[in-house]
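In: What shape does this take:
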Amino acid sequence: MKALVDHGYLDRKADAHDGRSHALRLRAAGRRHVRGAAPLTDAVRTLPAARKEEMLLAVMQVLDHMVDSGAVQVQRMCWTCRHYRGDRARKNYCALLEKDLPVPELRTDCEEHERVA
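Out: Below you'll find the predicted structure:
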């Protein structure tokens, strides 16, 4: 998220009542990129929930590998967090939230993320 803000694609404003929450607003530069992604967005929207979950897991695997290899900066996703307990397939548990996380609740940009040492 920070990179999108830094590149001028998004504006980010902290919530006055909850410091963990932020409102995001797409800027003109971001809208230009979103229009180009419309066919992909439309195609993904047609997928059943199970396929979307599979896609999320696959993207997280790719990001995790890229982080480990040094190809990208640290991502604040569940799998790289010290609070994550799970097998990255069937079981996902957040020790901070003290709850099992269904795949759609896995985060790729978590404010509470603490990198595994």
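In: Grab the nearest non-local neighbour of residue 75.
Out: The shortest distance from residue 75 to any residue other than its chain neighbours is 5.1 Å, reached at residue 63 (CB to CB, 6 or more residues apart in numbering). (Glycine included, C-beta is placed from N, CA and C.)
In: what about the strands in the protein?
Out: 10-14, 22-26, 84-86, 92-94, 99-100 (DSSP state E).
In: Which of the ones you listed has the lowest mean pLDDT?
Out: Between these, the one with the least mean pLDDT is strand 22-26; it has a mean of 77.
In: Now do that strand: which elements does it pack against?
Out: Helices and strands touching strand 22-26, by 3 or more CB pairs under 8 Å, 6 or more residues apart in numbering; DSSP states H and E, are strand 10-14.
In: Determine how far the strand it packs on lies from the middle of the whole chain.
Out: The gap between the average C-alpha position of strand 10-14 and the chain average comes to 16 Å, counting by CA atoms, centre = their mean, to the nearest Å.
In: between that strand and strand 22-26, how many degrees?
Out: When axes from the mean of the first three to the mean of the last three CA atoms, to 10 degrees is applied, the directions of strand 10-14 and strand 22-26 differ by 160 degrees.
In: going forward can the numbers begin at 59, since that is how I track them
Out: Got it, first residue is 59 now, which makes that one strand 68-72.
In: Need the contact partners of strand 68-72.
Out: 59, 62-63, 79-85, 88 (CB atoms under 8 Å, 6 or more residues apart in numbering).
In: Present these as TSV; the columns should include neighbour count and distance to residue 134.
Out: TSV is the format used below for the contacts of strand 68-72 (neighbours: other CB atoms under 10 Å; distance: CB to CB, whole Å):
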residue	neighbour count	distance to residue 134
59	14	8
62	18	13
63	15	14
79	11	15
80	15	13
81	9	18
82	14	15
83	9	20
84	14	20
85	15	22
88	18	20
